[in-house]
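**Student:** A structural model of the following input is requested.
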Amino acid sequence: YQGVPASTIQNFPPGLRMIAGDVTNTQDTGSWSPIVNYDCIAPSNTGGHVGDEHIPACAPGNLLTMTIRFPQCWDGRNTDSADHKSHMAYGLGWPNLGCPSTHPVPLPEVTYNVRYYVQPGDNTAEWFVSSDEGYLNANPGAEAGYSGHGDWFNGWDPAVFQTVIDNCYAGALDC
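**Tutor:** Okay, the predicted model is just below:
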């Protein structure tokens with residue numbers, strides 16, 4: 001998690017919506033823990049590497065993986081905001097620094113992991129996400145993927161998800 005102790009996690013509020021990433025981003029953010037990153041995962045690799053913020057050149061047989069991390073700290077009042085972001089915040093980091101005072105309610109971390117199997121003849125260095133297209137047309141040869149983003153809204157039954165919180169998060173278990 002983003003420095004949020006698992007034992008403090010609370011249930012998602014009904015109707016929560018949020019966006020992670022930035023559809024207009026065109027460059028590396030320089031973050032040690034980027035919101036969107038890409039990695040080439042070889043069949044023998046067990047993962048654990050935080051990859052590039054742009055789509056890398058992957059060898060055939062690898063999995064090109066895009067990971068999107070959503071914020072896990074909620075303001076405790078609004079289930080959405082005009083930008084679909086400002087009612088949420090990222091945790092303050094490791095070790096167990098928790099949520100910022102402006103967004104004090106710790107929620108489960110939502111993460112998208114999108115994987116594509118790289119076929120022989122594929123050149124992933126030429127791949128891009130659709131939101132990159134306008135920028136890449138104006139800047140031929142630029143790296144792609146910086147505009148990766150994801151939208152999420154809560155559809156969990158609160159009682160069902162409370163079981164996950166009680167039996168997994170509360171005990172700091174990986175369920």
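
**Student:** Next, the buried residues of stretch 62-71.
**Tutor:** Residues of stretch 62-71 classed as buried: 62, 63, 64, 65, 66, 67, 68, 69, 70, 71 (neighbour count, 16 or more other Cβ atoms under 10 Å). (Glycine included, C-beta is placed from N, CA and C.)

**Student:** CA atoms only: put it into CSV for me.
**Tutor:** Extracted C-alpha coordinates of stretch 62-71, given in CSV (Å, rounded to 0.1, in the frame of the first residue of the first chain):
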residue,chain,number,x,y,z
ASN,A,62,7.3,-11.3,-22.8
LEU,A,63,4.2,-9.8,-21.3
LEU,A,64,4.0,-6.0,-21.7
THR,A,65,2.3,-4.9,-18.5
MET,A,66,0.7,-1.6,-17.8
THR,A,67,0.0,-1.0,-14.1
ILE,A,68,-2.3,1.9,-12.9
ARG,A,69,-2.4,2.6,-9.1
PHE,A,70,-5.4,4.5,-7.8
PRO,A,71,-5.3,6.8,-4.8
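
**Student:** mind checking how far it is from the chain centre?
**Tutor:** Counting by Cα atoms, centre = their mean, to the nearest Å, stretch 62-71 is centred 7 Å from the centre of its parent chain.

**Student:** Could you list which residues are in contact with residue 97?
**Tutor:** Going by Cβ atoms under 8 Å, 6 or more residues apart in numbering, residue 97 touches 3, 91.

**Student:** Where does it sit: helix, strand or coil?
**Tutor:** Secondary structure, DSSP: H, G, I helix; E, B strand; the rest coil: residue 97 is coil.

**Student:** re the thing from before, among the buried residues of stretch 62-71, which one lies nearest to residue 20?
**Tutor:** Closest approach between the buried residues of stretch 62-71 and residue 20, by Cβ to Cβ: residue 70, at 4.3 Å.

**Student:** Bridged to the residue most central in space within the chain, which residues?
**Tutor:** Central residue of the chain (Cα atoms, centre = their mean): residue 69, 1.6 Å from the mean position. In this entry, residue 69 is beta-bridged to residue 111, by DSSP bridges.

**Student:** who's in contact with it?
**Tutor:** Residues near residue 69 by Cβ under 8 Å, 6+ apart: 2, 20, 33, 35, 36, 90, 109, 110, 111.

**Student:** for residue 171, same thing?
**Tutor:** 6, 7.

**Student:** can you confirm it is in a strand?
**Tutor:** No: the assignment for residue 171 by three-state DSSP gives coil, which leaves it out of any strand.

**Student:** pull the CA atoms of the lowest-mean-pLDDT helix or strand in the chain into CSV?
**Tutor:** Here the helix or strand of the chain ranked lowest by mean pLDDT, DSSP states H and E is helix 133-138, holding a mean of 89. C-alpha atoms of helix 133-138 as CSV (Å, rounded to 0.1, in the frame of the first residue of the first chain):
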residue,chain,number,x,y,z
GLU,A,133,-2.3,9.7,-30.6
GLY,A,134,-2.6,13.5,-30.9
TYR,A,135,0.7,14.2,-29.1
LEU,A,136,2.5,11.5,-31.1
ASN,A,137,1.2,12.9,-34.4
ALA,A,138,2.6,16.3,-33.5
